[in-house]
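Q: Sequence and predicted model, in that order:
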Amino acid sequence: MACSGDDVTDPNGARLALDAGQTGIKLRFERPGVSPVEEVLPGVRTHEPLLPQLAAAVRHVHDVSGTPVATVASGVSGLTEEGADASALLSLVGSLGAHRVLLAHDSITSFLGTLGDRRGAVVASGTGVVTLAVGRELVARVDGWGNIMGDAGSGHWIGREALDAAMRAYDGRGPETGLLGLLRDRWPNAEEAYIQLQGDPDRVRTVASFAGPTAYLAAEGDAVARRICLSAARELAHSVDAALRRVAGPGQGRPGDGAADGSGERPDDGPDVSAIGGVFGSALIRDRFDALLRERYPAMRPHAPHGTGLDGAATLATLPEGHPLRAHVAVASSDG
């Protein structure tokens, strides 16, 4: 995604921040002298063109408020290079008063909302998962490749492993586990479960819905559920490690090692890391995730989220010159 256009926020104009995900489009509308207004609209439909959906959200705010929307800044789940066409979105919302549009992948807005201007890594694991690391100069995204090709350690990944283990127990191919009971709670006839699941238009979320009960069983001592949760923690830690190594840069080693030429981080300075999303509601997963990262980065500094993806979207328009993420934000402006 390329950065172009004017990067100065209009202090006198109304600003709309969007955090556009599949479960909902969160918005924050700010006008000078008026308290911000927040709302949640229906989520992005991935099988339909993206930009008209974002434009519809802008039009909704314009129509309800009766106010021109000068700046639109949006973080979008699963945003592709082709979809990050800020100029096309500006053409759709220009009649609503917009003169500046910013678009970024939601991994960027999650990072900004969680760690702000720090350097480090943020892993967001809910139904899917994506990790973003930011170094002094480099940016690395790891995973976020969807439930067919990736999303290792996500809620869907845990649910898929749980259903597989349940059917192995049913067949006698695997050890007994309470996961089979969870499956039967949803589909009493286990042999027909796969047919009903494949025909479920909301099957991704249905599979992911087994993640929470799996974590509960793991905490209660179910050996199979525990193995799945520990494997999820290992996948998530591996993604963070991979991202941090990629942004360390040539000759800098991994964060916390320092560089022989003095250009690296301080030897006692570990990376800032934040883990967000529903999967980390499991103490077992979070504790194992932390332990695995500390084996590699003893001085790692864990951070609770400082804000949200919506906060991150709101800051897109004010990213300073030279910030590593600035080149990954698509910007279009009617002002030149």
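A: Yep, that arrived. Numbers count the residues shown, from 1 in each chain.

Q: From now on I want contacts and neighbour counts done on CA atoms only, so please keep to that.
A: Noted.

Q: and after the helix or strand that contains residue 183, which helix or strand comes next?
A: Per DSSP states H and E, residue 183 falls inside helix 179-186. Remark: after helix 179-186, the chain's next helix or strand is helix 193-198, criterion DSSP H and E.

Q: could you point out which element follows that following helix?
A: Counting by DSSP H and E, what follows helix 193-198 is helix 203-208.

Q: Please, where are all the helices along the stretch 1-150 of the chain?
A: Assigned by DSSP state H, counting those that start in this stretch, the helices in the stretch 1-150 of the chain fall at 50-65, 86-93, 106-115, 146-149.

Q: mind checking how far the first one is from the chain centre?
A: Once both centres are worked out by Cα atoms, centre = their mean, to the nearest Å, helix 50-65 turns out to sit 22 Å from its chain's centre.

Q: what angle separates it from helix 86-93?
A: Counting by axes from the mean of the first three to the mean of the last three Cα atoms, to 10 degrees, helix 50-65 lies at 40 degrees to helix 86-93.

Q: who's in contact with helix 50-65?
A: For helix 50-65, contacts defined as Cα atoms under 8 Å, 6 or more residues apart in numbering pick out 16, 29, 41, 44, 68-69, 72, 83, 88-89, 92-93, 96.

Q: C-alpha coordinates for the helix holding residue 183, PDB please?
A: Provided in PDB are the C-alpha atoms of helix 179-186 (Å, rounded to 0.1, in the frame of the first residue of the first chain):
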ATOM      1  CA  LEU A 179     -14.500 -32.600  23.400                       C
ATOM      2  CA  LEU A 180     -16.700 -35.300  22.000                       C
ATOM      3  CA  GLY A 181     -19.400 -34.300  24.500                       C
ATOM      4  CA  LEU A 182     -19.000 -30.700  23.300                       C
ATOM      5  CA  LEU A 183     -19.600 -31.800  19.700                       C
ATOM      6  CA  ARG A 184     -22.700 -33.800  20.700                       C
ATOM      7  CA  ASP A 185     -24.100 -30.900  22.600                       C
ATOM      8  CA  ARG A 186     -24.200 -29.100  19.200                       C
END
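
Q: tell me which strands and helices that helix is in contact with?
A: helix 155-171, helix 211-219 (3 or more Cα pairs under 8 Å, 6 or more residues apart in numbering; DSSP states H and E).

Q: circling back: now, which of the contacts of helix 50-65 sits nearest residue 226?
A: Nearest to residue 226, judged by Cα to Cα, of the contacts of helix 50-65 is residue 44 at 33.4 Å.

Q: one step back: how far away from the center of its chain is the helix holding residue 183?
A: That offset, for helix 179-186, works out to 29 Å (Cα atoms, centre = their mean).

Q: Report the inter-axis angle for it versus helix 155-171.
A: Calculated by the same axes, to 10 degrees, helix 179-186 forms an angle of 100 degrees with helix 155-171.

Q: Go through helix 179-186 and flag the buried ones.
A: 179, 180, 182, 183 (16 or more other Cα atoms under 10 Å).

Q: Count the neighbours of the closest residue in space to the second one that isn't next to it in sequence for me.
A: Spelled out, that is residue 180. Among residues not flanking residue 180 along the chain, residue 166 sits closest, at 4.3 Å (Cα to Cα, 6 or more residues apart in numbering). Look at residue 166: counted by other Cα atoms under 10 Å, it has 27 neighbours.

Q: now swap in residue 202 and tell me
A: Using other Cα under 10 Å, residue 202 is surrounded by 10 other residues.

Q: do you know how far it is from residue 23?
A: 11 Å (Cα to Cα, to the nearest Å).

Q: swap in residue 52?
A: Distance from residue 52 to residue 23, by Cα to Cα: 17 Å.

Q: and what of residue 50?
A: Residue 50 is 14 Å from residue 23, by Cα to Cα.

Q: More neighbours: which of these two?
A: More crowded of residue 50 and residue 23, by other Cα under 10 Å: residue 50, with 17 against 14.

Q: Domain map for the protein?
A: Split into domains by automatic domain parsing, the chain comes to 15-111+309-333, 117-305.

Q: Next, the distance between the ends of the first one.
A: In domain 15-111+309-333, first residue to last residue: 14 Å (Cα to Cα).

Q: Equivalent analysis for the last one, please.
A: Domain 117-305 has an end-to-end distance of 13 Å (criterion: Cα to Cα).

Q: Now that domain: average pLDDT?
A: On average, the pLDDT along domain 117-305 is 90.

Q: now it, how far from the chain's geometric center?
A: On Cα atoms, centre = their mean, the centre of domain 117-305 falls 12 Å from the chain's centre.

Q: i'd like the first residue to be 6 from this point on
A: I'll keep to 6 as the first residue from here, and by that count the last item is domain 122-310.

Q: which residues do residue 207 and residue 28 both contact?
A: Joint contacts of residue 207 and residue 28 (Cα under 8 Å, 6+ apart) do not exist.

Q: What is whichever helix in the chain runs longest packed up against?
A: In the chain, taking DSSP state H as the definition, the longest helix is helix 228-253. Packing partners of helix 228-253 (3+ Cα pairs under 8 Å, 6+ apart): strand 125-130, strand 134-139, strand 144-147, helix 160-176, helix 216-224, helix 288-301.

Q: Put the alpha carbons of the second one into PDB.
A: The C-alpha trace of strand 134-139 is given here as PDB (Å, rounded to 0.1, in the frame of the first residue of the first chain):
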ATOM      1  CA  VAL A 134      -5.200 -14.200  14.000                       C
ATOM      2  CA  VAL A 135      -2.600 -11.700  12.700                       C
ATOM      3  CA  THR A 136       0.700 -10.600  14.100                       C
ATOM      4  CA  LEU A 137       2.400  -7.300  13.300                       C
ATOM      5  CA  ALA A 138       6.000  -6.300  14.400                       C
ATOM      6  CA  VAL A 139       7.400  -2.800  14.000                       C
END
